[in-house]
Structures are given as structure tokens and as C-alpha cells.
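[1] make a model of this:
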Amino acid sequence: MNKTLYRLAYRNIVKYKKHYIFVSLIIIFISVFYSTYSIVQTSYFQVSRLWNEQEYGSWYFYGQIAEPEKFDKVAYQYEDKNGFEYAYLFDQGKTENEWRVSYADQSFFELCQIRLVEGQFPQNEDEIMISEELKEDYQLNQILEIRTSSIEERELKIVGIVHNSQERYFSDIYTNIPDKYETTTIFSDRNLAVRKENMGDYYVLDISLPHFTEHYSGTVIDVELDTDNHWEHNPYGYNHNESMANFQEKQTDLFILLQVLLITSFVLITFTSASLKQRVQEFALMRGIGMTTRQLILMSFYENVLCLIIAIMIGTLLSPLISYIIMLGVDSLLGYFAFILSSQQLFVNGVIILICMSITLLYPISKSSKRALSGTFDSYTFQYIQVRYRNLHYQNKWRLAWRELKTNKKMHFFLIIVLCFHTGLFLINTIITTYNELSQEESLENYTTVEYEKTKRLSIFGEYDLSSLNIPNTYYTYVKSDIPCQYENQDVFLNQVFTCDQEIIEKSDIKGRKPVNDYEALIVGDISPYHLEENVSEGEIQTVHTNMDRLLIGDTLVLNNQEIEIVGSIEPADTIETRTWYGDDYYEGYYTAIDYGIYISSPLYQKIKDGYESEYINIFYEDDNERNLYIQNIEKLYPELLGNIEIQDHYIFGFSNLNSAPETFFNSYVLCGSFVICIFLCSFMNKNEMVSRKNDYALMQLIGMTKKDLLIKQLLKGFIIFIIITCFNLLLIALECFYLRYFLFPYVEFIIVSMITLIVCFIVYSFPLLTILKKKPLDNLIKTE
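    Model (predicted):
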């Protein structure tokens, strides 16, 4: 039987070749468009990236770094399959003519594309290079007298001229004096700066301050902020965080694919339904000779799927050729050629389109096949007008328009969905864009809570004896704060030193090794000794708190006249990882011992007489029932602790300006194209419906309705649709303003969108009527027995 159905399907394709050729051309166009767009987008991105990196450098982030040596020790942690690139520019001040003077090595010139135009790079300390901007005033081998805040006045010889890829970020004069500089600017190929602010129970990424902390080394990086409180970066650069770039690329491809599938589905449903309506008598005859509904469905399905497969294959094969031609044109303009073709991606895209389109076709095919016996051969039916002529003549045009809208709901629903989708996207994006431009205040109302896994505990501050309660996993920690010591031959202070039950140390994950005597210690967290300096300002003595380098494994310090060596660090038991708006990872660690400090042995701790001493009791638990039981027993033993037992079982983080959502992502060209195609489809569907009901319009003319009356009725239908869409857009604007908690009504954009919507509604409902009336339906009305 399947062989017979295949033959019938092939015969029907030949018989209705005009319809299938037209549908196949549409599928070929859609397939070529999507596949070509995907290839060209990926290839052009690579071309643009190569061009920009060649012209403007491959750096992305820059900022003044406080401790470059400290950063160099941990920079290896950024390495990935593509490598991690960074370089330093050492600022040496400005001359009397406001020329910026700096020192940089070869890696900086390569990273930032500072190209040598004439001469050579400096080899000695008395040689310099100048930028092309100074070439008009100075020449090679000329001697300059230069003095800056870090370089004493001296004569330097010009040995080279360089081209700065960008003016504002780089220097006018480059020296070969590496040991005299004021500040250091780091240039890297990805974001580095993360700011951690402790605000009570919250840890917030605060982008309103210029001082940031690099989260691997802990060194301070000062960055410039633009008017929108965003980090300044290379406007022609690319964040070399490949995972973020791949995510954005896949997000774009997915959105385009969904939009293409949506448009193609509407096209197929429209033309397939129109074609099958014309074959209703043929289906009825086939049912009459014994074909079942399932066989009719399979026959029609084979017809359409065969055309789909051929069209998608042709479109998929044509897209690489068209993409190659487009990229050749780009090569002739930019001088860079890239053609990235993934056969696997093309195959997957083609299969996805084929599956989705095949599923889409099942609806009109099954509907027509199931209603095959409802075809009629001997009479016409008038579904719109089932009243007497005399009553119809006096019917109100508004009521008649509304009645026709209710009769054929599907086409009108489709028009409403299409217009609401496109106008809604435009209005929402307009509101969000305007809101982000006007709103500069930060919002900290939404937070995300992350439960701890290993460090759920009760913390009690003070000296209490809980041994009588026999609570397991109870540990005592003794802390002394602001302890004087000597570090790098300087008198400094330590924020905290502590000792605790040895069992906690045994359970902890230690990087390095455990202490084996009283003169070895462990570090917990980022610990930096600090020293205090007194300055006199405006007659008042002010104390300045200055941090030194972070303590690392292998460092030594003198504590209580004993040399202490750092032999290991306690790793976090719980690490909370979040992602910032800019694609950077943000970490916060939680420990089983104490949040931060230096662990020392109990005998050494007892010898320390300085500092402020305190005691903590940590009770670890697994579930809420266990926690509540512990709290109840402790409060019975010590009533003064009622409400003073701190529960540490979760982490709350929030971001500034959370309610300001990112702009609605869509490609404007694709959106405009889909809007035009959908309008065409709506006009076609309305025309097809009016052609099938031409006898109704003949009857309306028969009872005395003029062409003007019919046109007014159609315009009223369009106006009703316009009112529905306008109400939906107003509701959408209200919901968006409610979400943003800021009332912002785009008057101008709303008026423009409303006018376009009204014109489209009038066109969709009036133009097909003019085509019908030209054929004089009243003269062609055929009376049957």
C-alpha cells in the first residue's frame, strides 16, 4: 500500500506542480537564508576580529595595577587552550609639553599593535622612540632634553618612530629606563577586575567605585568608568573568554533559528491549507472509493515531505557557495578572508528545519483528511449571512464586521499575534533602552541565595562551656586581633591569629603541608600584614592603614620574637561561584576553621600577650531539625544566648541595578523581514478566505450594499483588530513599567507604532476586497438546483 501512496504522492506533485514549486522556492529561500546567515556571521566575525586585532591590538581590558609582581605569581591560573596574554605599560610621567612618557617591553608592543615605522627599538637608556604625532616636530637621531616627575632632566636620542594603534591609551614617548616609573598599567586580553564589598549579610559586586580587586592575586586594579558606570575597555577588542563568546554565538544562532522556523511554519500552514481546500472534492472521492483517513494523511504527508527534503538539500548545498561569494566580497574590501564552514552544523540545522516543518505540516494535512467527506458537490453554503435579505440590509456595519471576525477566528488571531509580536518587541526594547539611559541609581532589591554544603554551622561569640550537652562537632576557636610582628624587616600588624581544636585542622583541605612544630603556621584566606602611618593634615594627626603584599606559602615573619614560617594554606570547604554581567567569575570561600587569619599552635598562642582576644564556638550540623534541637538545648543552658546564636547556612549575593534588564535581543533586519513576510501572508490568507466566500459578497451586493459599504465594513474589521493590538501593547507597557518599578511611556514610539499598525490592518482587509470586487461576484453567482 505504501508503494501506491508513493505513486499517488508523485502524481499529485506533478498535477499541482505550481503550488509545490512555489512552496519549494520559499523553503529553499528560507534554508539558504538561515544557513548563509550562520556561515557569514561566523566568518565575518572572524574577519572583523582579525582586522581589529591587526589594526588596534588584541588587548581588551586595561587598568592601573598596584602590585604587578604579585600578579605575575598567579597569572598562570588564567591559562587556557588559547593562552592568556597580558603586558605592562610603566608610566614615567609627563614632560613640560604634556607629552606622556612610558616604558614598555616587546610583549606590550605586540599585544597593543604599536608598530615601528622608522628606525629601531631603543637599546640603551639614552635612547627613545616617539609616536607619529611628534614626527612633524622631531626627526630621527635628534637629541631631546626630557624631564618628568620620575626621570631627572637628561638628554635622550630619538632612534625610532612608532605608530600608536589608538591615541588615548598609549604614550607619546617610549624610553628604555625600566626602573623609574610612577604607576603601572596592565593590558590583558580578558577582564581581570572584580570588586568585593562586605555589606553586612550581603556580598555585592559594586561597579560604581573605581578601585577593584583582582580575584586571583588579590591586588588592587584601578579602572576608568564610562558614563554608564561600565568599565572602559578596548572599543575594538574582544574578550578572550572563549566560553562567553561561544555562549553569545550560540544564543544568536538559536534566536535566528527560532525566528526562521516560526516564519516558515506560518508560510507552510498558509499555503498548504489553501492548496488542500481546493482539493476537498478530490479527497471526498478518494474516501468514496475506500481510502482511509490514515492513507489520505500519509499521501499528503509524502507529497510535502518529498518537496521539503529536496528544497532543504538544495538550500543547504547552495548556502556555502553564496557564503563564499559574500566573504570574497568582504575580502576585497577589508583584505582579510575567512570562511568557517561546519558541515556538522549545516547537517544539524537542515535536520532540525526538516523535522519542525514536517511536524508543522501534520496539522493542515490531518485536518483536511479528516474532513474529506464534508466536501459538497451540489450547493453553496453561506456561513456569514444566515438571515433574511430584508433584515440584513438594515444591519449595522460594526455588527456585521464583528460577526465576520468571530466566524473566521484563525486568520484574525494570526494577524493579532504577528503584529503584537513585532510591535511588542520594539516597544519593550525602547522602554528598556530609555530606562537604562535615564536611571543611574543602583537597585539592590533582588538577591540570590545559595545554600552551603559543608559549612552549615551555629556560631556563638563568647566564653561558654557546652561540654555538658554532649553536642557532636562542637569546636572552640580562640582569636587574637591586631597582633604586632615583623615582616620583610618592617614592624607591621596582623589582623587575626587563631588557634583551634586540632580536629578541625585534620578535617580541613590543606594546600602545602600541616605544621609539625610550634614555629610553623597556616594561612586562611587572603592575609596581608599592614602597617600604620601617622600623617599631619590641616593640623590634625591622621592614621593611615596601608596593606602590604599578601602572605604566601614559604613566607616568614617574626611573631613574639620567634620566626614563623607559612607552610600551608587551608582551602575553602564551600566555594560560591557566580558570574558578573561582564562574563567574569566571582568567588567567595567559606572555611571550617575561621573566615580568615593565621593558624598557630596552642603553645605559641598562649605566649602572645598583645592584641584583643575573643572566643568562638562553632557547632556544625546537617539538617534543620538537628540545628533547632541544638539551639533549644543551648538556650536552656544559657538563657542569655536567646536570639544571639548566629546561623550560618547560606550565602546571599546581589548585583547593582538588577531590575534594569538587558535590551531585548533581536536582529533588526530579520525582524523587519519577518514583519513584511507575515503581512504578506496575512493578506494572502484573507484573500483566500474572501475568494472562498465570494458568494457571500455577491449576496451582500444583491440586497443593496454598495462597494463603498463593503469597503467600510472591511476597514471597520481592521480598526477592531487595531484596537485589540493597541490594548495589548498598553498592557505590555504597563507590565514592563511594573517590573522596572519606574513609569516610562514612550509616547513618540507608541504613536508611530500605532499608526503603522493601523495602516497595516487597513491594507490587509481592504486590498483583497478590491481584487474580489473587480471579478464582479454578483454577475458570476451560479444558481444550482
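[2] and the helices in the stretch 501-650 of the chain, which stretches?
    In the stretch 501-650 of the chain, the helices defined using DSSP state H, counting those that start in this stretch lie at 502-507, 602-607, 624-637.
[3] hmm, who's touching the last one?
    It refers to helix 624-637. If you take CB atoms under 8 Å, 6 or more residues apart in numbering as the criterion, helix 624-637 is touched by 456, 458, 460, 466, 468-469, 471, 619, 621, 641-642, 645, 647, 649. C-betas here are computed from N, CA, C, even on glycine.
[4] then the second one?
    Contacts to helix 602-607, defined as CB under 8 Å, 6+ apart, come from residues Tyr478, Lys480, Val497, Phe498, Thr499, Asp518, Tyr519, Leu559, Asn560, Gln562, Ile564.
[5] using a markdown table, lay out those together with neighbour count.
    Converted to a markdown table, those look like this (neighbours: other CB atoms under 10 Å):
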| residue | neighbour count |
| --- | --- |
| Tyr478 | 17 |
| Lys480 | 20 |
| Val497 | 25 |
| Phe498 | 21 |
| Thr499 | 23 |
| Asp518 | 15 |
| Tyr519 | 16 |
| Leu559 | 22 |
| Asn560 | 16 |
| Gln562 | 13 |
| Ile564 | 23 |
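[6] follow-up on the earlier one: okay if I get the helices of the stretch 501-650 of the chain as TSV plus mean neighbour count?
    Formatted as TSV, the helices of the stretch 501-650 of the chain follow (neighbours: other CB under 10 Å):
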stretch	mean neighbour count
helix 502-507	14
helix 602-607	14
helix 624-637	14
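[7] lowest-confidence stretch among those helices?
    For these, mean pLDDT drops lowest on helix 502-507, to a mean of 78.
[8] could you check how far it is from the centre of its chain?
    Centroid displacement of helix 502-507 relative to its chain, using CA atoms, centre = their mean, to the nearest Å, is 43 Å.
[9] neighbours of Glu69, how many?
    By the criterion of other CB atoms under 10 Å, Glu69 has 11 neighbours.
[10] A strand includes it, no?
    No - according to DSSP: H, G, I helix; E, B strand; the rest coil, Glu69 belongs to no strand; its state is helix.
[11] how near is it to Gln632?
    From Glu69 over to Gln632 the distance is 53 Å, taken as CB to CB, to the nearest Å.
[12] and this structure, what are its domains?
    Domain segmentation of the chain under automatic domain parsing yields 1-56+248-377, 57-243, 381-444+656-785, 457-655.
[13] quick check: which ranges of the stretch 101-250 of the chain have low pLDDT?
    Across the stretch 101-250 of the chain, the ranges flagged by pLDDT under 70 are 193-211, 215, 225-231, 239-250.
[14] stretch 342-360: which residues count as buried?
    For stretch 342-360, a neighbour-count test (16 or more other CB atoms under 10 Å) marks Leu346, Asn349, Gly350, Ile353, Leu354, Cys356, Met357, Thr360 as buried.
[15] how about the nearest residue to Ile186, chain neighbours excluded?
    Ile65 (4.4 Å; CB to CB, 6 or more residues apart in numbering).
[16] now distance to Glu155 too, for the helices of the stretch 501-650 of the chain, in JSON lines please.
    Shown next, in JSON lines, are those (distance: least, CB to CB, whole Å):
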{"stretch": "helix 502-507", "distance to Glu155": "62"}
{"stretch": "helix 602-607", "distance to Glu155": "58"}
{"stretch": "helix 624-637", "distance to Glu155": "75"}
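[17] how many residues are close by Thr474?
    Counted by other CB under 10 Å, the residues lying close to Thr474 total 18.
[18] what bridges to it?
    Ile619 (DSSP bridges).
[19] right, and it touches Leu466 too?
    Yes - applying CB atoms under 8 Å, one finds Thr474 in contact with Leu466, separated by 5.8 Å.
[20] identify the contacts common to these two.
    Ile617, Ile619.
[21] low pLDDT regions in the stretch 601-750 of the chain?
    Flagging of the stretch 601-750 of the chain using pLDDT under 70 yields the residue ranges 649-670, 692-704, 739-742.
[22] all strands of it, in order?
    612-620, 646-648, 650-655 (DSSP state E, counting those that start in this stretch).
[23] so how far is the second one off the chain centroid?
    Per CA atoms, centre = their mean, the displacement of strand 646-648 from the mean C-alpha position of its chain is 35 Å.
[24] same question for the longest one.
    How far strand 612-620 lies from its chain's middle: 43 Å, per CA atoms, centre = their mean.
[25] give the buried residues for that strand.
    Buried-residue list, strand 612-620, by 16+ other CB under 10 Å: Tyr616, Ile617, Asn618, Ile619, Phe620.
[26] the second one too?
    Applying a neighbour-count criterion of 16+ other CB under 10 Å, strand 646-648 contains no buried positions.
[27] so that it lines up with my notes, have the first residue be 447 from now on.
    Shifting the count to begin at 447 puts that one at strand 1092-1094.
[28] that strand: partners in the sheet, and parallel or antiparallel?
    By DSSP bridges, strand 1092-1094 pairs with strand 903-907 (antiparallel).
[29] could you list the residues in contact with the partner strand?
    Residues outside strand 903-907 that contact it (CB under 8 Å, 6+ apart): 1060-1067, 1073, 1076-1077, 1080, 1087, 1090-1095.
[30] need the residues that contact stretch 914-927.
    912, 941-947, 949-950, 1039-1040, 1043, 1051, 1054, 1056-1067, 1076, 1079-1080, 1083.
[31] which one's the longest helix in this structure?
    When the chain is parsed with DSSP state H, its longest helix is helix 739-780.
[32] my guess is the residue nearest to Ile632 meets Thr665, correct?
    Yes - counting by CB under 8 Å, Thr665 is a contact partner of Ile511 at 6.1 Å.
[33] joint contacts of these two?
    Phe517.
[34] which one's more surrounded, the two?
    A side-by-side neighbour count of Ile511 and Thr665, using other CB under 10 Å, places Ile511 first with 24 against 21.
[35] now for the more buried one: which residues touch it?
    Neighbouring residues of Ile511 by CB under 8 Å, 6+ apart: Phe517, Tyr534, Thr630, Thr631, Ile632, Glu660, Thr665, Val666, Ile667.
[36] likewise Tyr910?
    Listed by CB under 8 Å, 6+ apart, the contact set of Tyr910 reads Ile1063, Tyr1084, Leu1087.
[37] and it, what element?
    With secondary structure defined by DSSP states H and E, Tyr910 is part of neither a helix nor a strand.
[38] show me the two of the buried residues of stretch 788-806 that sit farthest apart.
    Of all pairs drawn from the buried residues of stretch 788-806, the greatest distance, 21.1 Å, lies between Leu792 and Thr806 (CB to CB).
[39] so how far is stretch 793-800 off the chain centroid?
    Using CA atoms, centre = their mean, the offset of stretch 793-800 from its chain centre is 25 Å.
[40] for stretch 552-572, that is, sorry about that
    On CA atoms, centre = their mean, the centre of stretch 552-572 falls 38 Å from the chain's centre.
[41] tell me the buried residues in that stretch?
    Residues Phe554, Phe555, Leu557, Cys558, Gln559, Ile560, Glu564, Gly565, Pro568 are the ones in stretch 552-572 that count as buried (16+ other CB under 10 Å).
[42] secondary structure class for the fifth one?
    Each residue gets one of three states, and Gln559 gets coil by three-state DSSP.
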